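[1] What follows is a predicted structure for the sequence shown.
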Amino acid sequence: MAAATRVLQKAVSPSLVVVLGATGTGKSKLAIEIGKRLNGEIISADSMQVYKGLDIITNKVTEEEQAQCRHHMINFLDPLVSGYTVVDFRNKALSLIEDMHRRKKLPIIVGGTNYYIESILWNVLLVTGGSDTESEKGVAFESKTELEKLGALELHRRLKEVDPDMAAILHPHDARKLARSLQVFMDTGVPHSQLLEEQRGQDGGDCLGGPLRFKDPCIFWLHCKTNALDERLDKRVDQMLSLGVIEELKDFHQRFNERKIKENSQDYQHGIFQSIGFKEFHDYLTASEDISQEERNKLKIKGIEALKQVTRRYARKQNKWVRNRFLKRPASNVPPIYGLDVTDVTNWETTVLTPALEILDCLQKGVQPPAQPIRAEGEEPRNKRSHHVCDLCDKVVIGDLEWNAHQKSKNHLYQVRKRRKAEQTSDQDPKPTEHPKVSDGQVPAL
């Protein structure tokens, strides 16, 4: 690959590499090998790895791995900072990419936080003004938090007054998104829906949002058969346990979370406390000292099983995002994606690394790679923001896919059958009309 490196030193092409995939598919391993061979540096796109601590549960790359290829955006934020946002990440990551291009380095984005990756690839975030000082960022964050405390119904009512179009496409129970749209209006004086429409109308924009930021990014998706990935993830949790993840959680809990729980200010919805592991081991970490060892062990086993379950669920969510964002939405601003099957890793260099390097080598030389990008066929465009009301179930459903799923759900079909039965009963057994009794020969009064 020496020739590829020489080409890269003349001009950075492709503009950047993105390694996607569910947790446990080996994204970091591939990124490091690409970086070592192609003069690259890695930007971690993981919302939990930006915080200091919890190295095991957040699966950070080791110091030895970081020494093989320079890493950015890992382990730099105080764990008690809760106002760090995707905008903060986006601003820093774009600055790093610009610096790498200037130094003729290949930026390699790797991580499992999908909205972090979206913020780099597309112009999809709204700039609502404000200062970059940490204190003022904290005020903005608290403002949104205070809004959320109003409750979803009140937020939806307020949003309908200032931005009825946005209120129509957000679920009336989604307090976080409702609060975000209200905050955008409060910060800018312009309805959120109008700002999004202007963004889609930018040169290169499309129905999915604003234009791509970088020309010709190379995107790899590491995918795996579900049963093989589930088994791999279970083994990874077992490995975490052997590395001391329980002790890591205990220590972190005692230093940062125990007092918050006593003050009833604990929050598993923001910052590093969202990390998979805390919620699952909450009962174990907060158990009374008076309980028996047997009960404590039961809570520990419960936490382990919950951790495995939520990890598998998270992996499915990550893959679903890749399919929805890249493979199922025909749009001009969606770049091609190259699939790498990591189901069998017994010969990883031959089946994963070599194909990836060959694709990059061809792209750098300006020739068509032998491997073709993957595309899902027969997918119809769908509106994920369409608004549906089911009177039968007294429910609001947002999105075409969700509406189709609701119409096929057991509860909805039960309500349909219930109404049909009631209508049939009404048609077959109408209430008879009562007439007054009359004697023979009498004509009833009309």
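    Cool, got the structure. Residues are numbered from 1 along each chain as shown.
[2] For this protein, give the helix that spans the most residues.
    helix 293-322 (DSSP state H).
[3] need the next SSE after it, C-terminal direction.
    Where DSSP states H and E defines the elements, the next helix or strand beyond helix 293-322 is strand 338-341.
[4] neighbouring contacts of the next helix-or-strand element following that following strand?
    Remark: after strand 338-341, the chain's next helix or strand is helix 348, criterion DSSP H and E. Outside helix 348, the residues that touch it by C-beta atoms under 8 Å, 6 or more residues apart in numbering are 26, 29, 342. The way it works is simple: take the backbone N, C-alpha and C, and place the C-beta from them, glycine included.
[5] so the first one makes contact with His223?
    No. Using C-beta atoms under 8 Å, Gly26 and His223 do not qualify as a contacting pair, with a distance of 11.2 Å.
[6] Mutual contacts of these two, please.
    Counting by C-beta under 8 Å, 6+ apart, the residues touching both Gly26 and His223 are Val342.
[7] follow-up on the earlier one: ok now the longest helix of the chain, how far from the chain's centre?
    What separates the centre of helix 293-322 from the centre of its chain is 18 Å, taken as C-alpha atoms, centre = their mean, to the nearest Å.
[8] repeat for stretch 152-169
    Centroid displacement of stretch 152-169 relative to its chain, using C-alpha atoms, centre = their mean, is 23 Å.
[9] nearest to Gly151, of the contacts of helix 348?
    When the contacts of helix 348 are compared for distance to Gly151 (C-beta to C-beta), Gly26 wins out at 42.8 Å.
[10] how close does that closest one get to Asn75?
    When distance is defined by C-beta to C-beta, to the nearest Å, Gly26 is 21 Å away from Asn75.
[11] same question, Pro369
    If you go by C-beta to C-beta, the gap between Pro369 and Asn75 works out to 35 Å.
[12] tally of neighbours for Val352?
    By other C-beta atoms under 10 Å, the residues close to Val352 number 22.
[13] Where does it sit: helix, strand or coil?
    Classification of Val352 into helix, strand or coil gives helix, according to DSSP: H, G, I helix; E, B strand; the rest coil.
[14] Now do the contacts for it.
    Neighbouring residues of Val352 by C-beta under 8 Å, 6+ apart: 26, 30, 222, 340-342, 345.
[15] and the two most separated of those?
    Distance extremes for the contacts of Val352: the farthest pair is Leu30 and Asp341 at 12.5 Å, using C-beta to C-beta.
[16] picking up where we left off before, quick one: list the elements packing against the longest helix of the chain.
    strand 17-21, strand 218-223, helix 226-243, helix 282-285 (3 or more C-beta pairs under 8 Å, 6 or more residues apart in numbering; DSSP states H and E).
[17] Ok, which of the ones you listed comes nearest Ile117?
    With respect to Ile117, and counting by C-beta to C-beta, the nearest of the helices and strands packed on helix 293-322 is strand 17-21 at 6.4 Å.
[18] Any chance you could list what contacts that closest one?
    Contact with strand 17-21 is made by 27, 30-31, 34, 40, 106-110, 112, 117, 120-121, 217-224, 318-319, 322, 337, 342, 360, as judged by C-beta under 8 Å, 6+ apart.
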